[in-house]
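>>> Provided below for reference: sequence and predicted model.
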Amino acid sequence: MVSYEDMWEQGEPGIPADLRPEIPHPARMYDYYLGGKDNFPADREAAERALAANPEFRSTARANRGFLTRAVRCVADLGIDQFLDIGTGIPTAGNTHEIAQAVDPGARVLYVDNDPIVLAHARALMGGTAVGRTTVIQADLRRPAELLADARAEKLLDFDRPTALVLAAVLHFVRDEEDPYELVRTLLDVLAPGSHLILSHGTADFLPAEVRDRVTGVYSKATAPLVGRTRDQVRALLDGLEVLDPGVVTVPLWRPDGALPAGADRVSMYGAVARKP
């Protein structure tokens, strides 16, 4: 498969003109951690600096994908058949719609991201088997009212019925002054009782201060900063919700379906699933 870097250089139609490939982007860096091809030299260089500071970035990204698979399958098994996935990132194996529709072929998934390369890639992916039940729109988590208006305009999801809100590895790119807690509350307020929140969030709880500072320094030069939060801070994002067992844990420890890797309890990403009463 041709990479987006090649398509960009060749001027292929459908590739947005405002990708800003010279500035590292967290979604493209994450794609690089996962072994993807949809990234540019600036993304790869920044990702390598982050890996030099914390070599576990790559395994943490993979552990987060595993958590997403298990969490989406869990809520789909509970009967949730519509998903609002915000900050989806560049599609890779095990996307939300693939997991949900494997449980219920009628499940509907609305992806939201603010990065044009994510939209270009995701729309190409949506041209496959999930047409009509999977859609992607461009909107910004930090402007939730606009995001929700755009989501309603798609008429894909019925917000009067329980919905799964997926915020996987996205809120750690929201600064404290942008109030991630209020963002989550605003999104949850419009969802029907019985809706679920699937959340994963980066943390520096297990990192030496010098490693944390080197990593955040890399992301300070990207299009979004990296804000690691403590377990208590992540738990506060779930206030008012019924948190499913086993609570807020590192992502490999959330209902594992295989042998746990060494150090699973110190992976720098927390995960949780919670129900709106």
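Nice, thanks for sending it over. Residues are numbered from 1 along each chain as shown.

>>> for E146, helix, strand, or coil?
At E146 the chain is in helix, as set by DSSP: H, G, I helix; E, B strand; the rest coil.

>>> correct me, but it touches I137?
No. The pair E146 / I137 is not scored as a contact, 10.7 Å apart, by C-beta atoms under 8 Å. All C-beta spots, glycine's among them, are computed from the backbone N, C-alpha and C.

>>> these two: which is more packed in?
For E146 versus I137, the count of surrounding residues by other C-beta atoms under 10 Å is larger for I137: 18 against 11.

>>> assumed the more buried one was part of a helix.
No. Counting by three-state DSSP, I137 is not part of a helix but strand.

>>> neighbours of the closest residue to R142 other than its chain neighbours, how many?
Distance criterion C-beta to C-beta, 6 or more residues apart in numbering; nearest residue to R142, sequence neighbours excluded, is E178 at 5.4 Å. Neighbours of E178 under the rule other C-beta under 10 Å: 13.

>>> surely V103 touches V75?
No. If you go by C-beta under 8 Å, V103 and V75 don't touch, sitting 9.2 Å apart.

>>> show me which of those two is the more surrounded one.
More crowded of V103 and V75, by other C-beta under 10 Å: V75, with 25 against 17.

>>> how close does the more buried one get to A259?
Applying C-beta to C-beta, to the nearest Å, the value for V75 to A259 is 24 Å.

>>> picking up where we left off before, how far away is the residue nearest to R142 from G89?
E178 sits 19 Å away from G89, going by C-beta to C-beta.

>>> just the strands in the stretch 101-250 of the chain please.
Ranges of strands within the stretch 101-250 of the chain are 108-113, 134-138, 164-168, 196-202, 242-243, 249-250, based on DSSP state E, counting those that start in this stretch.
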